[in-house]
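Novice: all I have is the shape, not the residue letters:
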C-alpha cells in the first residue's frame with residue numbers, strides 16, 4: 001500500500017511537471033505571436049503612408065468631378081490648353097492679307113447712312129403719330145393715326161424729303177391725292193394733295209416740289225394740313241423720328 005502511494009506521488013509530480021512545461025510553452029507561443037503582431041502592425045502602419053503618397057494623383061480626378069458638381073467642367077479645364085495653342089496660330093494670320101480685305105467693306109456707305117430727310121412742309125404738328133386709337137373729329141370714332149399731320153395752307157408747295165423715285169400716284173377716297181416716293185429704305189406717302197406734279201417712275205431730288213396741299217377727306221374737320229406717312233420695311237414708323 002505504501003508502495004502504491006509512493007508511485008502515485010511520483011506520477012503526480014511528473015504530471016505537474018508536464019503541465020508546467022505545457023503552460024510555459026503556451027506562454028512562449030503567445031509572446032511570439034504578440035511580437036509578430038506588433039511587428040506586422042508597425043510595418044502596416046508605415047506602409048499606408050507610402051501608399052497615400054502615390055494615391056493622391058489617382059484620387060484628384062474624381063475629387064474634382066465631385067466638388068465641381070457641374071458636368072463638363074473637366075472638359076473646360078482642358079480647353080485653355082487648346083486655346084493657348086490657337087493664339088500662336090492666330091498670331092501668324094495677321095501677316096496675311098485677309099484682315100485687309102475685310103477692312104475695305106465698311107468703306108462703302110449705304111443709302112440710309114448718306115441720306116437726310118427734311119420736312120415736306122412746315123414743322124408745326126397738328127396731330128402726332130399714334131399706333132393706339134385716337135379720336136377723329138371727322139368720323140367721330142377712334143382709330144390709329146399712322147402718320148403725322150403737318151400744318152400747311154391749301155396751295156402750299158409740298159417738297160420731297162430726300163432723293164428718291166416715285167413709286168405710285170393715285171386718288172384715294174379717304175386721303176385724297178397721294179404720291180408715294182421711295183427714299184432709300186424709307187417709303188414716304190404724301191397725302192391730301194391738290195395738284196400732283198410728278199408721276200410714277202420719276203427720279204426726284206431732295207427739296208423738289210412734288211405737288212401742293214389740298215384736302216384730306218377723312219380729316220376734313222381738322223385745320224389745313226398735309227397728312228404724311230412713312231414706312232420702313234413695310235412697317236409704319238413715326239415720321240418725326242426720321243425728319244430733321
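Specialist: Received, thanks. Bear in mind the structure is a predicted one, so any value in this text is a computation, not a measurement.

Novice: pLDDT below threshold where in the protein?
Specialist: Within the chain, the stretches with pLDDT under 70 are 1-18, 33-115.

Novice: tell me where it has helices.
Specialist: Under the criterion DSSP state H, the chain contains helices at 2-54, 56-68, 73-92, 98-103, 111-114.

Novice: number of residues surrounding residue 193?
Specialist: For residue 193, the tally of surrounding residues (other C-beta atoms under 10 Å) stands at 24. Yep, even glycine has a C-beta here, placed from its N, CA and C like the rest.

Novice: scan this structure for its longest strand.
Specialist: For the chain, the longest strand by residue count, based on DSSP state E, is strand 186-196.

Novice: list the buried residues for that strand?
Specialist: Neighbour-count burial for strand 186-196 flags 186, 187, 188, 189, 190, 191, 192, 193, 196 (criterion: 16 or more other C-beta atoms under 10 Å).

Novice: same deal with stretch 224-233?
Specialist: 224, 225, 226, 227, 228, 229, 230, 231.

Novice: what about the closest residue to the last one other than its chain neighbours, distance to residue 235?
Specialist: This points to residue 231. Spatial nearest neighbour of residue 231, excluding adjacent residues (C-beta to C-beta, 6 or more residues apart in numbering): residue 187 at 4.4 Å. With distances taken as C-beta to C-beta, to the nearest Å, residue 187 is found 10 Å from residue 235.

Novice: tell me which of the buried residues of stretch 224-233 is nearest to residue 218?
Specialist: residue 227 (8.5 Å; C-beta to C-beta).

Novice: could you find the closest non-adjacent residue to that closest one?
Specialist: residue 191 is the one closest to residue 227 (C-beta to C-beta, 6+ apart), at 4.0 Å.

Novice: one more: residue 121?
Specialist: Of all residues not flanking residue 121 in the chain, residue 152 sits nearest, at 4.1 Å (C-beta to C-beta, 6+ apart).

Novice: got phi/psi on the one you found?
Specialist: When read as degrees, to the nearest 10, the backbone of residue 152 gives phi -160, psi 140.

Novice: that one touches residue 224, doesn't it?
Specialist: Yes - counting by C-beta atoms under 8 Å, residue 152 touches residue 224, with 6.3 Å between them.

Novice: joint contacts of those two?
Specialist: residue 213 (C-beta atoms under 8 Å, 6 or more residues apart in numbering).

Novice: so what sits opposite the closest residue in space to residue 203 that isn't next to it in sequence in the bridge?
Specialist: Distances taken as C-beta to C-beta, 6+ apart put residue 165 closest to residue 203, at 5.8 Å, once the chain neighbours are dropped. Beta-bridge partners for residue 165, by DSSP bridges, are residue 182, residue 203.

Novice: and residue 165, how many neighbours?
Specialist: Residue 165: 14 neighbours (other C-beta under 10 Å).

Novice: what do you get for residue 241?
Specialist: Neighbour count of residue 241, defined by other C-beta under 10 Å: 10.

Novice: quick check: the gap between the closest residue to residue 177 other than its chain neighbours and residue 128.
Specialist: Distances taken as C-beta to C-beta, 6+ apart place residue 193 nearest to residue 177, at 4.1 Å, with adjacent residues excluded. Using C-beta to C-beta, residue 193 is found at 21 Å from residue 128.

Novice: where's residue 192 relative to residue 134, distance?
Specialist: Residue 192 is 18 Å from residue 134, where distance means C-beta to C-beta.

Novice: can you check residue 143 too?
Specialist: 7 Å.

Novice: same question, residue 182
Specialist: Distance of residue 182 to residue 134, given as C-beta to C-beta: 28 Å.
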